[in-house]
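> the following comprises the amino acid sequence and a computationally predicted model.
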Amino acid sequence: MRDLYHVWPSTLTTGQVDKITEIALRQTPEKATVFSSAETMQGIRSCTVRWLEDDWIQSLLWSYVEQANHRGFNVAIDRQSEMQFTEYTAEQGGHYGWHHDVQWNGQSGLDRKLSVTVQLSGADEYEGGDFEFEELKTNADFRSKGTVLVFPSYLRHRIHPVTAGTRRALVAWFFGPRWT
């Protein structure tokens with residue numbers, strides 16, 4: 001059976017999580033948008049994002065992407081990625097409704113192939129905010145600090161509303177030739 005995701009619970013050290021957070025907090029926060037609009041769409045997504053371009057973070061993530069791809073996905077991917085630090089707060093009703101990470105109508109000739117989510121908050125720092133796949137039920141631990149999750153970008157998923165505290169995550173998308 002084909003693997004639909006790969007997860008490494010609590011694999012990043014506290015030092016690595018802190019370094020990612022420190023790098024991210026130097027960037028300017030923006031209200032999150034979705035593909036179909038340059039405007040925020042609170043009904044679909046409510047969170048703050050900070051775009052990252054950091055070779056150390058990309059290299060760290062690339063090792064997990066390569067492992068996951070070799071173990072089960074076998075898609076054509078490049079080391080090219082986009083990376084985003086996201087913050088979902090209870091005060092802003094932080095959430096992200098059902099979505100996939102592929103911009104099917106994109107015109108670049110490349111598509112997001114593999115998505116990565118790194119849990120940067122401890123499970124005790126927020127309530128709600130669970131990551132969930134639409135067509136896949138799992139008991140995997142996605143909440144533990146330092147957990148790395150890699151999955152094909154076409155899988156629909158969501159972040160449940162945060163009801164207390166703040167959920168922080170690093171998300172990244174690695175590109176390859178267009179899906180055919």
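Received it, and whenever you're ready, just let me know what you need. What you are looking at is a predicted structure, and each value in this text was computed from that prediction instead of being measured. Numbers count the residues shown, from 1 in each chain.
> check which helix or strand residue 15 maps to.
Assigned by DSSP states H and E, residue 15 belongs to helix 14-25.
> buried residues in that helix?
Using 16 or more other C-beta atoms under 10 Å as the test for burial, helix 14-25 gives 16, 17, 19, 20, 23, 24. Heads up, the C-betas are built off the backbone N, CA and C, glycines and all.
> name the residues that touch that helix?
Contacts made with helix 14-25 from outside it, assessed by C-beta atoms under 8 Å, 6 or more residues apart in numbering, are listed as 12, 50, 52, 54, 56-57, 60, 85, 118, 120, 145-146, 168, 170.
> between the two ends of stretch 7-15, how far is it?
According to C-alpha to C-alpha, to the nearest Å, stretch 7-15 extends 20 Å from its N-terminal end residue to its C-terminal end residue.
> farthest pair within the buried residues of helix 14-25?
Of all pairs drawn from the buried residues of helix 14-25, the one with the longest distance (C-beta to C-beta) is 16 and 24, at 12.6 Å.
> so the longest strand along the chain versus helix 14-25, what angle?
Looking only at the chain and at elements set by DSSP state E, the strand with the highest residue count is strand 162-177. With axes from the mean of the first three to the mean of the last three C-alpha atoms, to 10 degrees as the criterion, the two stretches strand 162-177 and helix 14-25 enclose an angle of 80 degrees.
> buried residues in strand 162-177?
By neighbour count on 16+ other C-beta under 10 Å, the buried set for strand 162-177 is 162, 165-176.
> still on that earlier bit, just the buried subset of the contacts of helix 14-25, please.
Buried residues within those, defined by neighbour count using 16+ other C-beta under 10 Å: 12, 50, 52, 57, 60, 85, 118, 120, 145, 146, 168, 170.
> now, those residues that are in helices?
Cross-referencing the buried ones among the contacts of helix 14-25 against helices under DSSP state H gives 57, 60.
> let me know the closest of the buried ones among the contacts of helix 14-25 to residue 109.
Of all the buried ones among the contacts of helix 14-25, the one sitting nearest residue 109 is residue 52; the distance, using C-beta to C-beta, is 23.3 Å.
> list the beta-bridge partners for that closest one.
Listed beta-bridge partners, residue 52: residue 83 (assigned using DSSP bridges).
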